[in-house]
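Engineer: I'll drop the sequence and a predicted model, then ask my questions.
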Amino acid sequence: MDGPPAGDSTHLTWANVGLGFSFILFNSFVSTSLNLGVGSSLVSSALRCIIQLAIVGLLLQRVFETNNPWAVAGIIFLLNFLGTVEAGESTTRPRDYFT
């Protein structure tokens with residue numbers, strides 16, 4: 001398994017995350033100024049997403065650096081299993097539309 005040629009890969013930095021978060025803050029400001037009521041939940045959801053993806057990225061980086069096909073297969077199985085469980089649970093949960 002060879003990596004991509006040198007200089008051919010995209011590297012995202014925290015500046016890219018900050019730029020994306022600035023759009024979230026702008027949308028939150030618009031929501032607040034129009035009294036839509038979704039500004040704070042939008043910001044908290046974005047922060048939660050950033051934290052979760054950073055942790056998953058660190059975990060996957062360590063697994064892929066081991067060059068162990070069994071570890072990679074284990075992570076693939078685990079993520080597929082968790083996705084299946086979550087999809088099954090979200091479709092069997094009763095929706096409460098009128099609260």
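Structural biologist: It's in.
Engineer: Name the single longest helix found in this structure.
Structural biologist: helix 39-65 (DSSP state H).
Engineer: Helix or strand next in line after it, which one?
Structural biologist: helix 69-92 (DSSP states H and E).
Engineer: can you give me the angle that following helix makes with helix 39-65?
Structural biologist: Helix 69-92 and helix 39-65 are oriented at 150 degrees to each other (axes from the mean of the first three to the mean of the last three CA atoms, to 10 degrees).
Engineer: one step back: which positions in the longest helix of the chain come out as buried?
Structural biologist: By neighbour count with 16 or more other CB atoms under 10 Å, helix 39-65 contains the buried residues G39, L42, V43, A46, I50. Quick note: C-beta positions are derived from backbone N, CA and C, even for glycine.
Engineer: Show me what whichever strand or helix holds N16 packs onto, helices and strands only.
Structural biologist: Applying DSSP H and E as the criterion places N16 in helix 14-33. Where contact means 3 or more CB pairs under 8 Å, 6 or more residues apart in numbering; DSSP states H and E, helix 14-33 is packed against helix 39-65.
Engineer: Quick one: list the elements packing against the helix it packs on.
Structural biologist: Counting by 3+ CB pairs under 8 Å, 6+ apart, helix 39-65 packs on helix 14-33, helix 69-92.
Engineer: what's the spacing between I24 and S31?
Structural biologist: 10 Å (CB to CB, to the nearest Å).
Engineer: now do E89
Structural biologist: 30 Å.
Engineer: Of those two, which one has the most company?
Structural biologist: S31 (17 against 9; other CB atoms under 10 Å).
Engineer: per-residue confidence for the spatially closest residue to I24 that is not a sequence neighbour?
Structural biologist: Leaving aside its chain neighbours, I24 sits nearest to A46 (4.4 Å; criterion: CB to CB, 6 or more residues apart in numbering). Here the pLDDT value assigned to A46 is 92.
Engineer: All good on my end, thank you.
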